[in-house]
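S.K.: heads up, no residue letters with this:
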């Protein structure tokens with residue numbers, strides 16, 4: 001596969017270092033707890049009322065899709081840290097100058113997780129092409 005073809009898949013996690021996925025699909029509660037999101041934050045992420053927030057098989061579709069993307073982002077970062085949960089949590093909570101001085105967790109809270117995914121994907125590509 002050429003470098004450009006490899007780059008095509010840099011935005012999808014290769015493993016499940018945070019154990020978010022199972023035979024039954026994504027554990028939405030585990031993703032929410034990993035980032036410390038409450039129902040108010042989840043309602044904003046999913047564009048649903050606070051009363052509509054559910055993290056079971058009746059999860060609102062928009063919230064489900066948002067949490068799937070967020071789980072992917074978390075897994076990509078955890079892969080970089082070789083599955084080290086503590087380092088991954090710290091990375092999400094720490095302000096980052098390359099993200100405008102805010103934490104990755106706050107970027108997600110503000111609904112900017114697609115921009116965060118682009119940033120992480122670029123970093124993964126740079127690591128791959130530099131042999132890192």
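M.R.: That came through, no problem. Only a predicted model underlies this, so the values are computations on that prediction, with no experimental measurement involved. Numbers count the residues shown, from 1 in each chain.
S.K.: okay, and for the protein, where does confidence drop off?
M.R.: 1-8, 129-132 (pLDDT under 70).
S.K.: ranges for the strands of it?
M.R.: 21-22, 25-26 (DSSP state E).
S.K.: Quick one: residues in contact with the last one.
M.R.: The contact list for strand 25-26 (C-beta atoms under 8 Å, 6 or more residues apart in numbering) reads 20, 64, 67-68, 71. Quick note: C-beta positions are derived from backbone N, CA and C, even for glycine.
S.K.: Determine which two of those are furthest apart.
M.R.: For the contacts of strand 25-26, the maximum inter-member distance is 13.1 Å, found between 20 and 64 (C-beta to C-beta).
S.K.: And the two? Which one has more around it.
M.R.: residue 20 (23 against 18; other C-beta atoms under 10 Å).
S.K.: residues touching the more buried one, list them.
M.R.: Contacts of residue 20 (C-beta under 8 Å, 6+ apart): 26-27, 30-31, 34, 71, 74-75.
S.K.: That concludes my questions; thank you for your assistance.
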